[in-house]
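*Asks:* Next one to model:
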Amino acid sequence: MKDKDINNDFNHIFPEDIRDDFLFSLDSYRLFLEGLSINPSLFYQKWSDVNVQSIIDKYWKPNQKSDWKWSLTFPFFSLLEHYINTINSPIIIGFSGLPGSGKSTLGFWIDSVARELSLDIKVISLDDFYLPGKEMDFAMNGNPWNVPRGFPGSHSLDLLHQSLDTFLKTGVLSSPTFDKSLRGGKGDRSGWCEFKPKVLILEGWFVGCEPISDISKIDDLDDEKFNLSLSQREKDYRVLIQDSLLDYSKIWEKFEKIWHLKSSRFNNTILWKSHQEEEMIKLRGSGLKGNNLTDFIRMIQTSIPQQSLSFIRSDTTVEINQYRRIDKLQTTDYHLDTL
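*Replies:* A predicted model of the protein is given here:
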């Protein structure tokens, strides 16, 4: 069949109201689904089913665009279902995205829909493994951004290693919980949870990020390209963080796959994080604001070289613009039985 005929058939599968929400080409979407071993016709039939839609709509924001549903959430969930139905041992999927990108919202949706459909999927955050209060204060003391947590070095890595290794061996995950509102907003460990999923998703803003061998050259590039005006204290601390990333990279080795919700421009996180904290204040009465928000955003922009965060070695990359609209799709070939 000629490419033109294939594209015509593909166009007939997805209604115009869905296609009109896409900023990317239909051909790139077709190749994306093919790479994930997804049959477009079966895929559309399943996710457009009235009963499935009723579950989906319970957890979507009313104004959610179709691109997030059909080019990120549904393909990702289809992959998770495939693993549930075919694997014999527990697996871990890494999911990376800058603060405010929407990864936590997606995680909530996956957790909620998986529970509704009785699927053994669980989403946890790297944030759950933050150091407990006093240990955190000691580890964060003297950082140039004056933030209480957030960058590599603020997590209980030994505990994370132990929890993930036990999960991969036994299928049982023991995870701490972290309440960011405790201790006047510094946060503290607040309890423990136990889960028995077949597929575990670990999300975080620098998941999959690898250390750079010569960061001094990157400092100069970042300063020139992004006009960061790095202070000497920030440069010195970036070296320490690179050392920490070596330990985190051993966590990434446990992942079956990594998905990256990539920002088209690194500075998009300024807008996203500011909006996210405004919403937190409206909903919960607490959130970052003023100097605390400014310091946190500065930490995100400068603690890890932007080159590291932009070029995570992911298996699947979904790129979003400043409005969180998806404009690019890329994936390696998964070579699975057709989903």
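
*Asks:* Low-confidence stretches in the stretch 151-300 of the chain?
*Replies:* 217, 219-227, 286 (pLDDT under 70).

*Asks:* Enumerate the helices of it by residue range, in sequence order.
*Replies:* For the stretch 151-300 of the chain, the helices defined by DSSP state H, counting those that start in this stretch occupy 157-170, 215-226, 232-252, 268-284, 290-302.

*Asks:* For Asp111, which of those is the nearest?
*Replies:* helix 157-170 (16.2 Å; C-beta to C-beta). In this view, the C-beta of every residue, glycine as well, is placed from N, C-alpha and C.

*Asks:* Tell me which of the helices of the stretch 151-300 of the chain sits most buried.
*Replies:* Per residue and on average, the most neighbours among these fall to helix 290-302, with a mean of 18 (mean count of other C-beta atoms under 10 Å).

*Asks:* Could you list the alpha-carbon positions for that one in CSV?
*Replies:* Output in CSV follows, covering the C-alpha atoms of helix 290-302 (Å, rounded to 0.1, in the frame of the first residue of the first chain):
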residue,chain,number,x,y,z
GLY,A,290,7.6,35.7,46.5
ASN,A,291,11.3,35.1,47.1
ASN,A,292,10.6,31.4,47.9
LEU,A,293,9.2,30.9,44.4
THR,A,294,11.9,32.9,42.8
ASP,A,295,14.6,30.9,44.6
PHE,A,296,13.0,27.6,43.6
ILE,A,297,12.8,28.6,39.9
ARG,A,298,16.4,29.8,40.0
MET,A,299,17.4,26.4,41.4
ILE,A,300,15.6,24.6,38.6
GLN,A,301,17.3,26.7,36.0
THR,A,302,20.8,26.5,37.3
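
*Asks:* After it, which helix or strand is next?
*Replies:* Following helix 290-302 in sequence order, the next helix or strand is helix 306-310 (DSSP states H and E).

*Asks:* gap between stretch 162-178 and the chain center?
*Replies:* Put simply, stretch 162-178 sits 19 Å off its chain's centre (C-alpha atoms, centre = their mean, to the nearest Å).

*Asks:* Nearest to Ile13 among the helices of the stretch 151-300 of the chain would be which one?
*Replies:* Nearest of the helices of the stretch 151-300 of the chain (C-beta to C-beta): helix 268-284, 31.5 Å.

*Asks:* can I get the helices of the stretch 151-300 of the chain in a markdown table with distance to Pro40?
*Replies:* Below are these laid out as a markdown table (distance: least, C-beta to C-beta, whole Å):
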| stretch | distance to Pro40 |
| --- | --- |
| helix 157-170 | 33 |
| helix 215-226 | 39 |
| helix 232-252 | 31 |
| helix 268-284 | 30 |
| helix 290-302 | 37 |
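
*Asks:* Nearest to Leu36, out of these?
*Replies:* Comparison of the helices of the stretch 151-300 of the chain against Leu36 by C-beta to C-beta identifies helix 232-252 as nearest, at 20.7 Å.

*Asks:* Next up, the contacts around the residue lying closest to Arg298 once chain neighbours are set aside.
*Replies:* Nearest residue to Arg298, sequence neighbours excluded (C-beta to C-beta, 6 or more residues apart in numbering): Trp145, at 5.5 Å. Trp145 makes contact with 234, 295-296, 298-299, 302-303, according to C-beta atoms under 8 Å, 6 or more residues apart in numbering.
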